[in-house]
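In: the following comprises the amino acid sequence and a computationally predicted model.
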Amino acid sequence: MKPIDMNSDEFQVEFEKTWKFVEKVNKQFNFVQNPNDEVNEGVAMGLARNKMIYGKRFCPCFMVIGETKEEQKTPENRICPCKPALEKEIPETGLCHCGIFCTPEYADAQKTEDNMEEAIHQHSRGLTKEEAIVLLEKEQLDGDELEALLEAKTLGMVDFALLDVREDMEFRMGHIVGTDHLVPTSMFYAKIEEHNSKKETPIIVYCHTGSRSFQVQHAMKALGFKQVSNLQYGIISYNGETQRG
């Protein structure tokens, strides 16, 4: 197979044609581009490459089966926009397998999440109320995300209960500032009854490394707690303020 020179005039012409093809698909099906430009460019380059090699814009995320054009007619070879994307992937998840075609709703949600992640991990600004509400719905949180939510809570943007599920000795050695309750895993079923009134309140649980709290998270859901999030890697992943005692 002849290598494709991406800097060649031939490739650049086909690349430009592929972008026009993408625009046509978007208009036909009311799709939009992925907010991540790198995803779009990579997929478009793959489509252009396959068009030059095989004569069709086979999906670049799947291996093209068959040596001859007749053999390549197999249903396993996806021609963009492929049937699985149109009938299953996009209706169910909001984007195709490769990610270049999205519903407007998915793209808007992804933009919100990307902006939120930038604010959280680059500390460029605080969360908006909308971002805080979206973040609080995540089941697994990292340390920066919990720190951002605690700040949002102090500003009255969101409300939740933070539970430490380690043992009393561990709690006294150091716990996250803003922790509302200690519910030791060894006494979980007895202690959690004290919080049955909070079943409609968002709750975040944490332990040392995230293992015990992950188990508690699922136990609480089984008991009817509506929204429970877990500090995925525990207090050791948290760089915010802690205190002893």
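Out: Received the coordinates, thanks. Numbering: from 1, shown residues only.
In: which of the residues in the helix or strand harbouring Ala152 are buried?
Out: Using DSSP states H and E, Ala152 sits in helix 143-154. For helix 143-154, a neighbour-count test (16 or more other C-beta atoms under 10 Å) marks 143-150, 152-153 as buried. Where you see a C-beta, it was placed from the backbone N, CA and C, and this is true even at glycine.
In: how about that helix as CSV, C-alpha atoms only?
Out: Provided in CSV are the C-alpha atoms of helix 143-154 (Å, rounded to 0.1, in the frame of the first residue of the first chain):
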residue,chain,number,x,y,z
GLY,A,143,-9.6,16.0,44.8
ASP,A,144,-9.8,19.2,42.8
GLU,A,145,-13.4,18.6,42.0
LEU,A,146,-14.3,18.2,45.7
GLU,A,147,-12.3,21.3,46.6
ALA,A,148,-14.3,23.3,44.0
LEU,A,149,-17.6,21.9,45.3
LEU,A,150,-16.8,22.8,48.9
GLU,A,151,-16.0,26.4,47.7
ALA,A,152,-19.3,26.5,45.8
LYS,A,153,-21.1,25.2,48.9
THR,A,154,-19.7,28.0,51.0
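In: where along the chain do the strands fall?
Out: Applying DSSP state E to the chain gives strands spanning 32-33, 101-102, 140-141, 161-164, 175-176, 181-182, 203-206, 228-231, 242-243.
In: got CSV for those strands, with mean pLDDT too?
Out: Formatted as CSV, the strands of the chain follow (pLDDT from 0 to 100):
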stretch, mean pLDDT
strand 32-33, 94
strand 101-102, 96
strand 140-141, 97
strand 161-164, 98
strand 175-176, 98
strand 181-182, 97
strand 203-206, 98
strand 228-231, 98
strand 242-243, 96
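In: dump those to JSON lines, plus distance to Ser124.
Out: Formatted as JSON lines, these follow (distance: least, C-beta to C-beta, whole Å):
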{"stretch": "strand 32-33", "distance to Ser124": "24"}
{"stretch": "strand 101-102", "distance to Ser124": "25"}
{"stretch": "strand 140-141", "distance to Ser124": "19"}
{"stretch": "strand 161-164", "distance to Ser124": "25"}
{"stretch": "strand 175-176", "distance to Ser124": "23"}
{"stretch": "strand 181-182", "distance to Ser124": "32"}
{"stretch": "strand 203-206", "distance to Ser124": "23"}
{"stretch": "strand 228-231", "distance to Ser124": "23"}
{"stretch": "strand 242-243", "distance to Ser124": "24"}
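In: related to what we said a few turns ago, now the buried residues of helix 143-154 as a markdown table including distance to Lys51 and pLDDT?
Out: Listed next are those as a markdown table, based on distance: C-beta to C-beta, whole Å; pLDDT from 0 to 100:
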| residue | distance to Lys51 | pLDDT |
| --- | --- | --- |
| Gly143 | 45 | 96 |
| Asp144 | 42 | 95 |
| Glu145 | 42 | 95 |
| Leu146 | 47 | 97 |
| Glu147 | 48 | 96 |
| Ala148 | 44 | 95 |
| Leu149 | 47 | 96 |
| Leu150 | 51 | 97 |
| Ala152 | 48 | 95 |
| Lys153 | 52 | 97 |
